[in-house]
Structure formats: C-alpha cells, structure tokens
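> just coords:
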C-alpha cells in the first residue's frame, strides 16, 4: 500500500477460482529471427527430466541462443522470471523458440512476469524429438552485450502446476484499469481502496469492484486506518457502510490497512486494530486480515494474531519469505514490490504494488471460506449456524434444516487447507471439541445431498 489515502483489502468472489497460476506464453507471432551478433551461449546442449527449475546461465545477453534436447510429448518451460529463479531486471528480455534443424519457429514470449512485468515465460509441449534453439533478445528484437546480465532458467514441466498465487493492490492513483488484461497477466486477486478514516471514499472503488468482478478476478476493497485520529468503532462503521455488501462467504476477507500510528503505543495500537477487526467480524461473520509493516507488527500484542497477516516487504522476491512478521507466527500475504508493473494498470507514476499469497489454490479457497478441493455447490448462508465464535473449548454446529433422511458430513480444515477432522452429522446439534486446536482460523464445511455450506471460526 504505502500510499496515503490508500488502502485495505477484502476480496470478493462467489465461485471457486481455477488454477490459473502460471504466466506462460507460446505465441505464434512476434518471432525474432535475425539478430546482430547472434551466437550460441552457453555452448552446451542442455537436457533435463527434472520438474525443478534449473539455471541455464546467469550472464545472459540479448544475442545469445541456447540449444536444448527435447522429447516429443513432454512439456518444457523457459523463463527469466524472478518467481522461478531467473533474473529479468538487467533489461527487457524476449524469447523465441525454434526447431534447430528446420528453422521452423515454434513459440514467442514477451512481458508476462518478472519484477517489472517485462520477462518472458515460454511453456511448450514438444512436437518433435531432437534439438530446439532458444534465442534471447531484448525489446523489439534488439541485441546487447556485457553487463547488466539476466538469468535464464528452464525445466521439464510434465504435470506441474505452479503454486504461486499473485495479485496487485490499487487505488485511484493507479488510473483507469483494464481488468481483463490484469486477469490475463495472470493475477488471481486484487485489492482496491474503499475508504480512509471516517470521511473519504476512493472515487474508483465501485468502478474497480464492478469491472474486476466482471473480469473474473477476486477483488475487494480495503480501509486505510487513522488510529491516531479516530475511534476504531467509528472507522469500522464507516468502512462497513461502503463495503459490507461485498463481504461474504467464499470471498477474501476484508483487510485493515494499518500503517499510520501517530504517537500511540504498541498496546494502544493493538487495542485499536483488534477492536476494528472484531467490529467487522461481528457485523459480517468474516474474519478480517491486517496489512502492516514489519516494524508495526513487532510493536503489536497477541490480541491481533487471530487475524491473518498481510505483511509489507517490498523490494523482495515473490518467492522469498518476509524478513519480519512481528507477533504473528505465520503470514497469509506478502506485498513484495511497490515498483512493479502489470498489464492493464497504468500505475501511480508507472508503478504498481505486487502481492503474493502464502499457499496453494486449496489454501487460497480455504482462506476465502470456499468449498475445499472440489467445486461444491454452495448453499445459502442460513442452513446451519456455528457458535461460539471465537471459541476456546468447543463449537456447536446446528443444522436448521436437518431431517432424518439426509446424509450430512462435517469437515474441519485449518487455514493451510489441511483437513483435521471429518465426521457424520446425525443430530440437529453437533458439538466438536477444539480445545487442542492451535490458535487461528478454521473452516467448517457441512456437505449435504444438495450442496455445501461453509463457515469460519476463530480458535482463541
């Protein structure tokens, strides 16, 4: 976030998200064919059967071509993206893949990933057994030499699905956004500023929500807090008046953007943040997320730990863990760049904030309260109730529509998407002992013959 009059996050989506996680391309236009000073580098012909990313070379220039042995039917991937161990910051790279024997062009890639969004990523199912040529160029099929260098990586990706789930956070200063391009980037989630304090609504909030949802991205608003100026209850009410209609089950939770502190102590900040989150949870039944920096996180007390952490750790890789998460034992999201780019977003002075989720698609859906693992049909939110919430020792699940002919199943998942309990529900009321559960957020799924209903609870 790091933009005042800026942001919080809650994301809204009412369906499960598909695993659209790699930014691969295999375009049949744009090939670079004649490049000045083109030469083979490295001089080795590479081969692999590993699904782990391997470094080809860390001193690549835009006039190098590299040879690779491939087998028909296998999937091979090449990239300069930082997310997979490459380096793209030296210059704007492009990749052209061709048959080394016939010279037939096979794939082209440009500007799909990387720290600045200008790195290529080819994913290709081999149509031949033999040797392919991968030509590296820079923008407009130009060449270069010497430092700075980029790092090329590759792998055989048969059956591999990337677990990186990437997103952006935006506000009115990012300009008019073309959300279909953001989805194609691909980004799985986005946070749009909703409110700030008790007297500001971002003028692009409704437009971003409407167009983002229409494009199929998980998108929501965020609230920029001013604990040094206003009561937590007043700011929570103001936020809910604007954003509550977007807060629902199977949506990313609302996020408190907590980055201004004034002269408040750590204890006062803890009380304020917990009060805001509890007010939003009480009103919506959804557990909010807290966005903050490492320094503020270190000043907060344990009362905030039931709420997942979105940590600001810019100028880092999407794959590296945050360096400081304060009182929390784990993190849900990391903001890894304030200076990135994303297709479809003009950006504030050309820069866009970039984010990553700490987990796979199962965990992502679990965090949102979506049915886990399969695309279950969701029932309305009033077929069963769960109490108390938060809980210490036991929870009671009461199904208001249970009859003796129904076959119902209760499943409990932790926030990582791991099932920790499953049992049938034979009575209208079922009590579950949670006293041995670790503190945190849990998902309860009740599956019937007609669909699934999902709720969250907090174990204190």
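Sure thing, it's come through. Just so it is clear, the model here is predicted, and its values are computed rather than measured. Residues are numbered from 1 along each chain as shown.
> any low-confidence regions in the chain?
Applying pLDDT under 70 to the chain picks out residues 1-25, 112, 114-117, 159-163, 371-383, 400-407, 415-419, 448-452.
> in it, which spans are helices?
Using DSSP state H, the helices of the chain run over residues 179-184, 205-215, 232-243, 266-284, 294-299, 361-368.
> now those helices in TSV, with distance to residue 260?
Every residue, glycine included, has its C-beta placed from N, CA and C. Below are the helices of the chain laid out as TSV (distance: least, Cβ to Cβ, whole Å):
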stretch	distance to residue 260
helix 179-184	28
helix 205-215	20
helix 232-243	12
helix 266-284	10
helix 294-299	9
helix 361-368	26
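> so which of the ones you listed gets nearest residue 35?
helix 179-184 (27.6 Å; Cβ to Cβ).
> how is the chain carved up into domains?
Listed domain ranges for the chain are 39-156, 165-368, 384-459 (source: automatic domain parsing).
> point out the most buried one among those.
domain 165-368 (a mean of 21; mean count of other Cβ atoms under 10 Å).
> and that one, how far out from the chain's middle?
12 Å (Cα atoms, centre = their mean, to the nearest Å).
> now stretch 438-458
Per Cα atoms, centre = their mean, the displacement of stretch 438-458 from the mean C-alpha position of its chain is 22 Å.
> now do the same end-to-end measure for it.
Using Cα to Cα, to the nearest Å, the end-to-end distance of stretch 438-458 comes out at 10 Å.
> just to revisit the earlier point, distance to residue 29 added to the domains of the chain, as JSON lines?
Below are the domains of the chain laid out as JSON lines (distance: least, Cβ to Cβ, whole Å):
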{"stretch": "domain 39-156", "distance to residue 29": "7"}
{"stretch": "domain 165-368", "distance to residue 29": "16"}
{"stretch": "domain 384-459", "distance to residue 29": "39"}
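> out of these, flag the one nearest residue 33.
domain 39-156 (7.2 Å).
> next one: the closest one to chain centre, how far?
26 Å.
> measure it end to end?
24 Å.
> also stretch 76-83?
Stretch 76-83: ends 17 Å apart by Cα to Cα.
> just stretch 411-424 next, same as before
9 Å.
> residue 84: which of the helices of the chain is closest?
Comparing the helices of the chain by Cβ to Cβ, helix 361-368 comes nearest, at 17.6 Å.
> so which elements touch that closest one?
Here helix 361-368 is seen to pack against strand 352-357 when contacts are counted using 3 or more Cβ pairs under 8 Å, 6 or more residues apart in numbering; DSSP states H and E.
> ok so, going back, nearest to residue 308, of the helices of the chain?
From these, taking Cβ to Cβ, the stretch that ends up closest is helix 361-368, at 7.1 Å.
> quick one, that closest one and strand 352-357 angle?
Here helix 361-368 runs at an angle of 100 degrees relative to strand 352-357 (axes from the mean of the first three to the mean of the last three Cα atoms, to 10 degrees).
> now residue 338. Nearest residue, chain neighbours left out?
The shortest distance from residue 338 to any residue other than its chain neighbours is 4.5 Å, reached at residue 314 (Cβ to Cβ, 6 or more residues apart in numbering).
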